[in-house]
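Novice: Got a predicted structure here, sequence first:
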Amino acid sequence: MWKYIIKRLLALIPVIAGVILIVYLILNIVPGDPARTALGDEVSAEVLHDWREERGLNDHILVRYVRYLGGLVRGDFGNSFSPMQTPVIDDIMASFPYTVLLAVVAMGITFILAFPLGIFAAVKQNTWFDSISMLISLVGVSMPVFWLGMLLLLWFSLGLGWFPSVYGPGTSVLRAVVLPAVSLGFSAMASMARTTRSSMLEVVRQDYIRTARAKGIGYAKVIRRHAIRNSLIPTLTIAGIQIGNLLTGTVIVEQIFAWPGIGRLMIRGILANDYPVVLGCMVLFTLIFAIVNLVVDLAYAYVDPRIRAQYS
């Protein structure tokens, strides 16, 4: 098992290097000049040249790429292009707890609602509960996150005044996180509920379920002890994807609700052509996605002994 974990962690190295190269190439071809954005249009060409030279932007893109990788190995994410030239790692560490809080609350909403909804919809197939739950899931999968966020702002913030519209000084963080977490977690909940229902429907039709029922075991006990666990493999797959999406897909939600997380930090970096900030956020998102996928693979081994035997 440990050999498998080490191999997966080592495989992250080329993945991160590839992501950084792609982002570097994209930043190199998109319109906009970091020097012009930072200094304005009134400065002379000499000042712009000196600004770029100081930050290494006059070097070839491959030289900058290799230099960035070398700094990343030492734990150096570079400095921001802002006038203060703050270290990017400081900006990330200041924003990361807010993104984690938002993602954890959204995950809680997702898991608390998705698993019971999918399981009961499968157990009560073709009933009114199944129809309503799948209608909710269809709406959740179809509705864009930004649209749901705006609706929640209109209804529960501007209309009813139950929650603040944005997070700012003097605002309770627990009240401010509710609306962005619901808008972020609703789509993930809908997708997981549909997957859980499909997986459960496939399991409850298996021969061993009918055998257990024929032995006189109660239906609820069969579902609890046999069906749920055996239906977890597809659910874990979609759960891993959704956890990664919740952690890395906060960009739009954080911008709508002015939530000071990594997503909003990256938006500010993109608008300001602040390459180190954008690269730092992308490296963090890549790490999160890869680690979440590794945890999901290990969860497979816990749920299914056959997979655990393959690891060993």
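Specialist: Cool, the structure landed.
Novice: pLDDT score assigned to the nearest residue to Ala290 once chain neighbours are set aside?
Specialist: Excluding the flanking residues, the one nearest Ala290 by C-beta to C-beta, 6 or more residues apart in numbering is Leu12, at 5.1 Å. Bear in mind the C-beta positions are built from the backbone N, C-alpha and C, glycine included. You'll see Leu12 listed with a pLDDT of 74.
Novice: Identify the residues contacting Leu12.
Specialist: Shown in contact with Leu12 (C-beta atoms under 8 Å, 6 or more residues apart in numbering): Thr286, Leu287, Ala290.
Novice: Can you pull out the low-pLDDT segments for the stretch 201-312 of the chain?
Specialist: 204-210, 212-213, 215, 217-220, 222, 224-232, 236, 240, 248-249, 300-312 (pLDDT under 70).
Novice: quick one, helices of it?
Specialist: Secondary structure of the stretch 201-312 of the chain (DSSP state H, counting those that start in this stretch): helices at 207-214, 219-222, 228-230, 232-248, 251-256, 262-271, 275-303, 305-311.
Novice: from the contacts of Leu12, which would you call buried?
Specialist: Thr286, Ala290 (16 or more other C-beta atoms under 10 Å).
Novice: Take the contacts of Leu12 and lay them out in JSON lines including distance to Met150.
Specialist: Below are those laid out as JSON lines (distance: C-beta to C-beta, whole Å):
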{"residue": "Thr286", "distance to Met150": "29"}
{"residue": "Leu287", "distance to Met150": "31"}
{"residue": "Ala290", "distance to Met150": "32"}
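Novice: Which member of the contacts of Leu12 is positioned nearest Leu174?
Specialist: Closest to Leu174 out of these is Leu287 (27.7 Å), distances taken as C-beta to C-beta.
Novice: ok, now which ones touch that closest one?
Specialist: When contacts are counted by C-beta under 8 Å, 6+ apart, Leu287 touches Leu12, Ile16.
Novice: and with 10 Å instead?
Specialist: Contacts for Leu287 (C-beta atoms under 10 Å, 6 or more residues apart in numbering) come out as Leu12, Val15, Ile16, Val19.
Novice: Setting the sequence-adjacent residues aside, check what's closest to Ser172.
Specialist: Pro164 (7.6 Å).
Novice: isn't that neighbour right up against Phe257?
Specialist: Yes. Assessed by C-beta atoms under 10 Å, Pro164 is found in contact with Phe257 at 8.8 Å.
Novice: the more surrounded of those two?
Specialist: Using other C-beta atoms under 10 Å, the more surrounded residue of Pro164 and Phe257 is Phe257, with 28 against 20.
Novice: Which residue, other than its chain neighbours, is closest to that one?
Specialist: Nearest to Phe257 is Pro180, by C-beta to C-beta, 6+ apart, at 4.4 Å.
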